[in-house]
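>>> quick one, fold the following:
(2 chains)
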Amino acid sequence: MKPCCLLKRLLLCCCGLVLAGLAVSAQALTLELRQAQALVTVQGQTTRETVSLPYHWDRHHAGLAGEATFELPFELAQAPTVPFGLYLPRLGNAYEIWLNGILLQQNGDLQYGNGPDFAKAPRHIVISPGLLRTHNLFRVQIRADVGRRGGLAPLTLGPDEEVYPLYLHDYRWRSTGSFIVVIASLLIGLAAFALWATQVDAAGPGRPRRDPLYLYAGVAELCWTVAISDAIIEHPPFLWPWWGMVALAATMVWVGSMILFCAEVAGWSRLRAVTWLRRWLAVLLMASVAAGTTSLVYGYPLAMTLLYAVLGLTALIFVATFIWKAARGASLPHKIVAAAVLWNTLVGLRDLYVFRLSQAYGGNTLLRYSSVLFGLALLYIVIMRFRVASAQARDLNANLAARVAQKEQELEQSYRRVEQLAREQERTAERTRILRDMHDGVGAHISTAIRQMESGQASHVEVLQTLRDSLDQLKLSIDAMNLSPGDITALLANLRYRLEPRFKASDIELQWDVDLVLPLARLDHAAMRQLQYMVFESLSNVLQHAHATQLRIELRSTAQGGARLRVIDNGCGFEPERVKRRGLSSLRERAAAIAASLLITSVAGNTVVEIELN
Amino acid sequence: MDAIERMKSCHPMNMGRVGIASAGGYGYARHRIKYGGAKQVWRVLVVEDDPQTREFFSGSVSRCAELRLAASVGTVAEAKAWLDDNANTVDVLLTDLGLPDGSGLEVIRHARRLNPACEPLVISMFGDEDNVLASIEAGALGYIHKDSTPDDIAQTILDMRAGASPISPMIARRVLSKYQSDRRQNNRVLAPVLPSSIAIKSEATEDGEAKSQRGLLSPREQEVLALIARGFSYAEIARLQGLSVHTVQTHIKNLYGKLSVHSKSEAVFEATRMGLLSGHD
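All right, here's what the predicted structure looks like:
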């Protein structure tokens, strides 16, 4: 696989020969068998020739399938006593290996082609000591498909402990390495798709936009997974030419997607040239199908080579521009991707030289390994983006917290203002109520007393009565502050207590018939005071004007959940509609103010003032 | 009736009025109390800072044959000094609340401490709940309105000595809501008259005060208080409950004592809690 390795091995062989010649007991030597007698059958024509290995079928029979039998005679100084190992870097696509007429290994069917491909992994066979003699013959039969890298690599034979490490090294490098790259590409591709599906930019104008960068990266990585998985799949899902085309198309799409990915990284996605580039890549994709078919089915590999050349030229022009721009100063992601592109281009050119121009037959392309750099570049871009995004989110959060704090402060201020306003309003209402109370009650009585004294006509007793009334009003208004709103029973009890000296002073028998009545929710402090005035007024009327001997105070619940209050006396009575007493009109005003119905009926011996609250 | 005549006689009203008055009367239910022939004279100390008012109350007391004015002073300090003098004894203390050098409540406490038999009466302008309740808790057994007539003042003092303490419906309601013993019973008796705000307040303070206050009022006292809160007079309550007027009055006077004792123990409890008194006190 590597010239230096072969050289080393040859050197080792030479040293071994020298040492063997000197040694008393000749040791088994590691041989590399490079000459073979080949019997090649192509299109029914069989030819016999001597060939040197590696025999790269596609180089000898471009576009043709066929079979070949290689005979490799070799001599050993003596029959070995230790197990020998046979190592073949590549042979196939199907093969049989015979040693001295004994079948050592068989893979695939020599009759029917285009099925499984066994020319992918290196081969290693342990040969029991008894099978080898001093004169030996290896017979290797192969069947090769069109353009499938069939053929036979040189055979390395020697003690197994020397040969097996060679095989293992090759196996690890080609099969295990490819497997790891396949898994890595698959994971990176899926991650890129997940990012594309979840990272939706809703901030921009128009419809929410997904980032095509992730889409291109995802497509590229998944196609790359398919393309290089060919190296480890011996049993492809379809027959050969079509499977080959799948792998080819995947490679094409990989190249195209990588180009578009790079364009996104460089921020060129809106350029007109990139629009054209996309179309051009789409055309190449179509062409690759045609070229693949021509190359694999009809056996014109030139079509494939031409397509590769066109794609390679396109990629080279783009890569040159991309790297040139990066070198002239671009964003850090651009530079990093440019570095990855440069490295991959160099590796790709090396692979192109090795597998298309030189006669190398054995190893795999190195591009598969270097392509991991693209995944790392993508990882870097994603990490940087999230770093930027989280920094923005932090900024936004800090900003938001500050704004919330400001709003809270404003809210608190306005709340305080509203509260203050409410308090002021409450104070104003309270002041208004107290002022009206003083005006209607104490104030009115004191001014009456002053008028009585000034006129000189009122008696001492009358003035005294007015002043006592004034003090009673004061006490009642203080009591009204303590009365619980709506509690009419308490209101009446309190009124009776305050007017007790007056009842005593008169000769009226008081009948107290007050039921327990549920507090009326609709009566507030002001309404309670109004009601207190009304009852006080009614009782004053009876005490001062009625000349009654009986006074009955009744309180009942009504069916509507309200209360009915009656003040009944057996005095002389009056005609409610005709008598325009100041007290009566004030009763009506107050009843209207608290939405109470007031009913006054009066005949001699039975006057009823009924106040109903519902 | 002639005011001067009433002042002289100290007898509240003629007997004809008593029937009516007891039907409509309040804490002032009048009835003569016999003292086994021997005429008892009560010594009264008047504490009032306004000279005119002090003069008025002193006059009202000294004009009554069954009362004797022991002294009349104008400040807390003077009252205390007078009470501290062993030569002075007093049966009734008549005090204003707002005094220049302190509260009449201090004088009441001082007098009760020196002589538990002394019965304090508070002179109140309005008979408003807060002041009256505070006075009762300090040890007062009644209160007199500033605008009372002279013979009413003397009569109130005599009534109190005879066992009748006045209580207004609003104070009855306050006492009930503050010192309820059985919530369910109270709710039944008082639900319609109990102000909801007070009910809520009492519920909120229930936890803290429940221990010291529950059971302070007997069921009978609660019933009497509930009826007073509804506006019934002592006579009406007596009729409704099948008791004598005197029993009703006794309930009220006992209540005064209970509230005073209770507030004292509450104060001691508070003081202990705050670390003002050591635990074994």
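>>> what's residue 123 sitting at in phi/psi?
Just so you know, I chose chain A. A:R123 has phi and psi values of phi -120, psi 150 when expressed as degrees, to the nearest 10.
>>> should've been chain B
According to degrees, to the nearest 10, B:I123 has phi -90, psi 120.
>>> what sits against it?
B:E48, B:T53, B:F57, B:L94, B:T95, B:D96, B:L97, B:G104, B:Y143, B:I144, B:K146 (CB atoms under 8 Å, 6 or more residues apart in numbering or on different chains). Where you see a C-beta, it was placed from the backbone N, CA and C, and this is true even at glycine.
>>> A:G130: which of those residues is nearest?
Nearest to A:G130 among those is B:L97, at 132.3 Å by CB to CB.
>>> now for the nearest residue to the closest one once chain neighbours are set aside: which residues touch it?
Excluding its sequence neighbours, the residue lying closest to B:L97 (CB to CB, 6 or more residues apart in numbering or on different chains) is B:G104, at 4.2 Å. Going by CB under 8 Å, 6+ apart, B:G104 touches B:V47, B:V76, B:T95, B:D96, B:L97, B:G98, B:V122, B:I123, B:S135.
>>> so which of those residues is the most crowded?
B:V47 (29 neighbours; other CB atoms under 10 Å in any protein chain shown).
>>> so who does that residue touch?
Per CB under 8 Å, 6+ apart, neighbours of B:V47: B:72-76, B:78-79, B:93-96, B:99, B:104, B:107.
>>> can you tell me the element the closest residue to chain B within the stretch 251-400 of chain A falls in?
Nearest residue of the stretch 251-400 of chain A to chain B (CB to the nearest CB) works out as A:L400 at 40.5 Å. Per DSSP states H and E, A:L400 falls inside helix A:372-438.
>>> for the residue of the stretch 251-400 of chain A closest to chain B, give me the pLDDT.
Note on A:L400: pLDDT of 92.
>>> hey, where'd the strands end up in the stretch 101-250 of chain B?
B:102-103, B:119-124, B:143-145 (DSSP state E, counting those that start in this stretch).
>>> by mean pLDDT, show me the worst of these.
strand B:143-145 - the lowest mean pLDDT of these, at a mean of 85.
>>> how many neighbours does A:G66 have?
That count, for A:G66 with other CB under 10 Å as the rule, works out to 21.
>>> what are the bridge partners for it, then?
Taking DSSP bridges as the rule, A:G66 bridges to A:V42, A:A144.
>>> A:R566 - how many residues pack around it?
Using other CB under 10 Å, A:R566 is surrounded by 17 other residues.
>>> spell out which helix or strand contains it, please.
strand A:563-569.
>>> let's verify the nearest residue to A:L373 once chain neighbours are set aside: helix, strand, or coil?
Nearest non-adjacent residue to A:L373, counting by CB to CB, 6+ apart: A:A340, 4.0 Å away. At A:A340 the chain is in helix, as set by DSSP: H, G, I helix; E, B strand; the rest coil.
>>> A:A340 and A:F322, how far apart?
11 Å (CB to CB, to the nearest Å).
>>> what segments of the stretch 201-350 of chain A are strands?
Counting by DSSP E, counting those that start in this stretch, the strands of the stretch 201-350 of chain A are A:209-210.
>>> from the contacts of B:I123, which two are the most distant?
B:T53 and B:Y143 (14.7 Å).
>>> ok, those two, which is more surrounded?
B:Y143 (25 against 14).
>>> what bridges to the more buried one?
B:V122.
>>> and it, what is it in contact with?
Here B:Y143 is in contact with B:L121, B:V122, B:I123, B:S124, B:G127, B:V132, B:S135, B:P166 (criterion: CB under 8 Å, 6+ apart).
>>> cool, and A:T558?
A:R564, A:E612, A:N614.
>>> A:V51 against A:L39, yeah?
No. Between A:V51 and A:L39 there is no contact, the gap being 10.3 Å when judged by CB atoms under 8 Å.
>>> ok, the residue of the stretch 251-400 of chain A closest to chain B to B:G104 distance?
From A:L400 to B:G104 the distance is 63 Å (CB to CB).
>>> same check, this time on A:E462
34 Å.
>>> do A:A458 as well
In terms of CB to CB, A:A458 sits 36 Å off from B:G104.
>>> equivalent analysis for B:S60, please.
18 Å.
>>> tally of neighbours for B:F232?
B:F232 - counted by other CB under 10 Å - has 23 other residues nearby.
>>> so what's it up against?
B:F232 neighbours (CB under 8 Å, 6+ apart): A:W512, B:L240.
>>> repeat for A:I600
By CB under 8 Å, 6+ apart, the residues touching A:I600 are A:P576, A:L584, A:L587, A:T607, A:V608, A:V609, A:E610.
>>> now the phi/psi pair for it, please.
Dihedral angles (degrees, to the nearest 10) for A:I600: phi -120, psi 120.
>>> who does it bridge with?
So, taking DSSP bridges as the rule, A:I600 has A:V609 as bridge partners.
>>> looking at it now. What's its pLDDT?
Confidence for A:I600, expressed as pLDDT, is 89.
>>> what about stretch A:121-140, how long is it end to end?
Stretch A:121-140 has an end-to-end distance of 17 Å (criterion: CA to CA, to the nearest Å).
>>> tell me the buried residues in it?
Residues of stretch A:121-140 classed as buried: A:A121, A:P122, A:R123, A:H124, A:I125, A:I127, A:L132, A:N136, A:F138, A:R139, A:V140 (neighbour count, 16 or more other CB atoms under 10 Å in any protein chain shown).
>>> and A:R394, what's its pLDDT?
The model's pLDDT for A:R394 equals 92.
>>> for the stretch 151-300 of chain A, which spans come out with low pLDDT?
For the stretch 151-300 of chain A, the stretches with pLDDT under 70 are A:202-206, A:296, A:299.
>>> quick one: distance of the host helix or strand of A:A444 to the chain centre.
Assessed by DSSP H and E, A:A444 sits inside helix A:444-455. A distance of 86 Å separates the centroid of the chain from that of helix A:444-455, by CA atoms, centre = their mean, to the nearest Å.
>>> can you show me the CA trace of that helix as PDB?
Output of helix A:444-455 as PDB, limited to C-alpha atoms (Å, rounded to 0.1, in the frame of the first residue of the first chain):
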ATOM      1  CA  ALA A 444     -79.100  73.500  63.700                       C
ATOM      2  CA  HIS A 445     -79.900  73.100  67.400                       C
ATOM      3  CA  ILE A 446     -77.400  75.600  68.600                       C
ATOM      4  CA  SER A 447     -78.500  78.200  66.100                       C
ATOM      5  CA  THR A 448     -82.100  77.600  67.200                       C
ATOM      6  CA  ALA A 449     -81.000  78.100  70.800                       C
ATOM      7  CA  ILE A 450     -79.300  81.400  69.800                       C
ATOM      8  CA  ARG A 451     -82.400  82.600  68.000                       C
ATOM      9  CA  GLN A 452     -84.500  81.600  71.000                       C
ATOM     10  CA  MET A 453     -82.300  83.600  73.400                       C
ATOM     11  CA  GLU A 454     -82.100  86.600  71.100                       C
ATOM     12  CA  SER A 455     -85.800  86.800  70.500                       C
END
